[in-house]
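coordinates for the following, if possible.
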Amino acid sequence: MGAFQVLTLTDAAADRVRQITAGSDGAAGIRVGIKKGGCAGMEYTIDLAHEPDPKDDKVEFEGAAVFVEPSAVLFLLGTEMDYEVTKLRSGFVFKNPNQTSACGCGESVTLQAATPNA
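Residues are numbered from 1 along each chain as shown. Purely as a prediction, here's the structure:
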């Protein structure tokens, strides 16, 4: 597998991405990004990707397609995307080595850009 992948998906995340895209008309996958917000400074964004941007990094795993916004790539390098179901919530979870801290509710995080040559 020649190309370096920005992020990896667990089997559970890939299953959920496939379910979401199968259930929505014409979606090519999901698009992950980062926006400023929340008490810790940044939040992950997840949207359906109907028209993927050619600049997006595309990650494919077991038939699941995830598109990463160019502005988020350096913040997501080395991240594992998982899908968790607990008694209280279900949703995508990001195990991100670039995360320096998170707020108590887990909705927002503090991220630093990865150094590509590290």
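
what is the burial count for A40?
19 (other CB atoms under 10 Å). Bear in mind the C-beta positions are built from the backbone N, C-alpha and C, glycine included.

now the worst-scoring helix or strand of the chain on mean pLDDT: buried residues?
None of the helices or strands of the chain scores lower by mean pLDDT, DSSP states H and E than strand 109-111, at a mean of 78. Across strand 109-111, burial judged by 16 or more other CB atoms under 10 Å covers 109, 111.

pull the distance from stretch 19-35 to the chain's centre.
The chain centroid and the centroid of stretch 19-35 are separated by 11 Å under CA atoms, centre = their mean, to the nearest Å.

and stretch 78-85, by the same measure?
Distance, centroid of stretch 78-85 to centroid of chain: 8 Å (CA atoms, centre = their mean).

how about residues contacting it?
Applying CB atoms under 8 Å, 6 or more residues apart in numbering, the contact partners of stretch 78-85 are 6-10, 12-13, 15-16, 32, 66, 90-98, 114.

before we move on, the earlier item: the least confident helix or strand of the chain - contacts with which helices or strands?
strand 42-49, strand 99-102 (3 or more CB pairs under 8 Å, 6 or more residues apart in numbering; DSSP states H and E).

any idea of the mean pLDDT for the last one?
This points to strand 99-102. The average pLDDT within strand 99-102 is 81.

ok, that strand: who's next to it in the sheet?
strand 109-111 (antiparallel) (DSSP bridges).

once you drop chain neighbours, what's closest to the residue nearest to the spatial centre of the chain?
Taking CA atoms, centre = their mean as the criterion, V32 is the residue nearest the geometric centre of the chain, at 4.5 Å. Once flanking residues are discounted, V32 sits nearest to V68: 5.3 Å by CB to CB, 6 or more residues apart in numbering.
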